[in-house]
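Have a look; sequence and predicted model below, questions after that.
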Amino acid sequence: MFSKRSVSMTHLRHNIARFAIAVAIVAIVSQSAGCAEFRAAKAEQLVQKGDRLMDESDLQSALAEFEAASKLSPQLAIAHSRKGVVYRRMGNYGPAIDSFSEAVRLSPDSFFDTINLAQLYHFTNQMFDAIEAYLHACDLKPDDFDANLNLGVCYQQTDDPTQAVERFEKAITIDPDRVHAYVNLGVAYDRLGKYYSAIDAYKQALERDSHQPLVLVNLAYTYMNQDRLKIALKALEQAVIMDSSLAAAHEAMGFCMLRMKRYDQAEEAYQKALSIDARMPSALAGLGSVEMIKSLNNSSRARRELALEYWHRSLEIDPNQPRVQRLIRKYKQAPAQPDTVLLGDASSTEP
């Protein structure tokens, strides 16, 4: 049987052992924390070195430093962000997206990383990811002009003109003197069939910069959508005076003349457009319509074949033209009439 003294000594030894274990654990934790702090400090030094190399345009060496920093301290958001910057400058958009995505995950409040990620998604046509990233950017900085404008462009490109209008109008309230916002707003209103609002937006753009021939082309198309052909023609004539080398202006002139049934002038305008840009599918399609109408008027088989040739050439350049496909199906057999179908189906009506 143990004495009271021997029991106390046993407890004392156990307590000493437990204390030693606790001290060891504290030492390990302290050492681990110290190592983490050391790695973080070292990673930040690597980032600073990478920044200097990037300033010297030594992108490959800078990337190596940022890569080392991100491996040494994976939670250091700035290391991933810098990798994204370098990859973007190199044109390696996939790795740039991955790097900025990780930076945003680690630092969700970083507007810089979020807007870069949105722009890369947009540039690589990943539209719905771009919209999500732009929305996040707009949450971080609601009054950023470019974030709102680019979000509107994404909505425009995903066939959502209603939300596009909302974003373009927001951009205009942020900076009412930026021409591009009014131009994009005009396009969105035109797609919604709100032609008077579209015209007003285009005119607002021209008030801020009168030398905008492409804006005049868009304005002319909106007038044509209202069947206001004479005023559309005046806008196009002004656009051609501003820039006679603008193929889009001559192509639009051809379409306007086609709508006015001035076929010789339409043909001349389309040919002018093609002399500037031989691979302009809308001009080829319009020229085909002119030739087919003339073939129906004088029963010319040669013109008919030429019209079909123009349409086929147009589809070779841009296969996504359902109107041209319908025209080929309709007219590849026996001659048909009247020519009003051609006027309604001719492509290139959208600005």
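Here it is on my side, so go on.

contacts, neighbours, all on C-alpha from now
Noted.

Show the secondary-structure elements that whichever strand or helix holds Ala235 is packed against.
Secondary structure assignment for Ala235, by DSSP states H and E: helix 229-242. Applying 3 or more C-alpha pairs under 8 Å, 6 or more residues apart in numbering; DSSP states H and E, one finds that helix 229-242 contacts helix 213-225, helix 247-259.

Could you provide these in a markdown table, with additional columns for mean pLDDT, mean neighbour count and distance to Arg191?
Listed next are the helices and strands packed on helix 229-242 as a markdown table, based on pLDDT from 0 to 100; neighbours: other C-alpha atoms under 10 Å; distance: least, C-alpha to C-alpha, whole Å:
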| stretch | mean pLDDT | mean neighbour count | distance to Arg191 |
| --- | --- | --- | --- |
| helix 213-225 | 98 | 25 | 10 |
| helix 247-259 | 98 | 27 | 17 |
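
and Lys141, which of those helices is closest to it?
In terms of C-alpha to C-alpha, the element of those nearest to Lys141 is helix 213-225, at 29.6 Å.

Can you name every helix or strand that that closest one contacts?
Partner elements for helix 213-225 (3+ C-alpha pairs under 8 Å, 6+ apart): helix 179-191, helix 195-208, helix 229-242, helix 247-259.

any idea how far Ser81 is from Gln126?
Using C-alpha to C-alpha, to the nearest Å, Gln126 is found at 20 Å from Ser81.

For those two, indicate the residue with more neighbours.
Shown here are Gln126 and Ser81; by other C-alpha atoms under 10 Å, Ser81 has more neighbours (29 against 14).

Which of the three states applies to that one?
Under DSSP: H, G, I helix; E, B strand; the rest coil, the three-state class of Ser81 is helix.

hang on, isn't it packed against Pro95?
No - using C-alpha atoms under 8 Å, Ser81 is not in contact with Pro95, being 11.2 Å away.

Mind listing residues that contact stretch 155-165?
Outside stretch 155-165, the residues that touch it by C-alpha atoms under 8 Å, 6 or more residues apart in numbering are 127, 131, 151-154, 185, 188-189, 191-192.

how about His211, secondary structure?
coil.

Need the pLDDT of it.
Predicted confidence (pLDDT) for His211: 95.

okay, now it: neighbour count?
By other C-alpha under 10 Å, the residues close to His211 number 15.

Centroid-nearest residue for the protein?
Residue closest to the average C-alpha location in the chain (C-alpha atoms, centre = their mean): His122, at 4.2 Å.

nearest spatial neighbour of that residue, skipping sequence neighbours?
Closest residue to His122 apart from its sequence neighbours, by C-alpha to C-alpha, 6 or more residues apart in numbering: Ala130 at 5.2 Å.

Please name the residues that touch the one you found.
Listed by C-alpha under 8 Å, 6+ apart, the contact set of Ala130 reads 117-122, 151, 154.

Give the buried residues for the helix or strand harbouring Ala133.
Per DSSP H and E, Ala133 falls inside helix 127-140. Neighbour counts using 16 or more other C-alpha atoms under 10 Å place 127, 130-131, 133-138, 140 of helix 127-140 among the buried residues.
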